[in-house]
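> Quick one, what's the 3D model for this:
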Amino acid sequence: MVRGLYTAWSGMANEQKRLDIVSNNLANAATVGYKKDNVTNQSFDNLLTLKIKDSSEQYNDRAIGKMSLGVKLGEVYTNYGQGSLRETGNPYDLAIEGKGFFNISTKDKNGNEEIKYTRDGSFTMNQDGKLVDANGYSLVGESGEITIPVNTGNVTIDGDGSIYADGVYIDKVITTDFEDYNYLQKQGDSMYVALEGANETTGTANIRQGFTEQSNVNVVSEMVDMIAVTRAYEANQKVIQTVDGTLDLAANSVGKV
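Just a heads-up that it's a prediction; the model follows:
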């Protein structure tokens, strides 16, 4: 009976973690380039239970079955599916159609350059003519950080990433893809870093100028998941209340009979 308390508690703790993930998806439903997270559940390994110290069995241990210890959070994984494209009218906004990531030049805590990856193509041109993201980090092209003459009247970016300023070729936006996305780790601000063992490949996706890729979060689906998680949490809560009430009766009433 007491084991039921721990089993129900593990279910409540698991649903709380699932709720955190669903809530984070909903909070980023309007974040450009965000990719939703999903989660799996799994049970703890079953344990073999033994009947021990029983005189009727001549004090020999006897297996009486297996016991489950409840559930736990399994794998948390990212859904890298394509998000919808939204036209912005900003010539520096870019969206990737297909697989791949923009390369962003950032600085680590020691001031060293570090390349991070993103699907967020909300770029602007700073006073130095560099294409930068909302945090001021530069977009990387074939020749390094992309710089456009500040007096340019018309900027055109082709589907392959080639950049032209008033008809003159400037640079080319590069995109990077990976053989296995399990070697990517989220870093916040819709950015990713490649972990040790990641194998890079050249991105072949189409680039759309004047568009941004929206998050791939389906708000309705996430709300349904949130309701399901809440109900599962409440069900485990009722189990704990029921077991607690039964233990109360056992402790305070059975002994009086």
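> Distance check, the residue nearest to Leu139 when sequence neighbours are not counted against Thr156.
The spatially closest residue to Leu139, leaving aside those adjacent along the chain, is Leu131, at 4.3 Å (C-beta to C-beta, 6 or more residues apart in numbering). Quick note: C-beta positions are derived from backbone N, CA and C, even for glycine. Leu131 is 14 Å from Thr156, where distance means C-beta to C-beta, to the nearest Å.
> again, but for Glu222
Remark: distance between Glu222 and Thr156 (C-beta to C-beta) = 38 Å.
> between these two, who's got more neighbours?
Set Glu222 next to Thr156 and count neighbours by other C-beta atoms under 10 Å: Glu222 wins out with 18 against 13.
> Make sure the more buried one is indeed in a helix.
Yes: applying DSSP: H, G, I helix; E, B strand; the rest coil, one finds Glu222 inside a helix.
> pLDDT weak spots in the stretch 1-150 of the chain?
For the stretch 1-150 of the chain, applying pLDDT under 70 flags the ranges 1, 42-70.
> Try it again at 80.
Applying pLDDT under 80 to the stretch 1-150 of the chain flags residues 1-7, 9, 41-74, 108-111.
> Give the full set of residues in contact with the residue most central in space within the chain.
The structure's the chain has its C-alpha centroid closest to Asp37; by C-alpha atoms, centre = their mean the separation is 3.5 Å. By C-beta atoms under 8 Å, 6 or more residues apart in numbering, Asp37 lies in contact with 21, 24-25, 76-79.
> Among those residues, name the ones in helices.
21, 24-25 (DSSP state H).
> who's the closest residue to Ile146 other than its chain neighbours bridged to?
Distances taken as C-beta to C-beta, 6+ apart put Leu131 closest to Ile146, at 4.7 Å, once the chain neighbours are dropped. Beta bridges link Leu131 to Met125, judged by DSSP bridges.
> Please give the number of neighbouring residues around Leu131.
There are 24 residues near Leu131, going by other C-beta under 10 Å.
> now do Ile157
Counted with other C-beta under 10 Å, residues neighbouring Ile157 total 23.
> cool, Pro149 as well?
Neighbours of Pro149 (other C-beta under 10 Å): 13.
> excluding its backbone neighbours, what's nearest Val140?
Asn103 (3.9 Å).
> and what of Gln16?
Closest to Gln16 by C-beta to C-beta, 6+ apart is Tyr233, at 6.9 Å.
> Next, the one you found: secondary structure please.
Following three-state DSSP, the label given to Tyr233 is helix.
> Contacts only, for Glu145.
Applying C-beta under 8 Å, 6+ apart to Glu145 gives the contacts 105, 130, 138-139.
> Tell me which two in these are the farthest apart.
Ser105 and Lys130 (9.6 Å; C-beta to C-beta).
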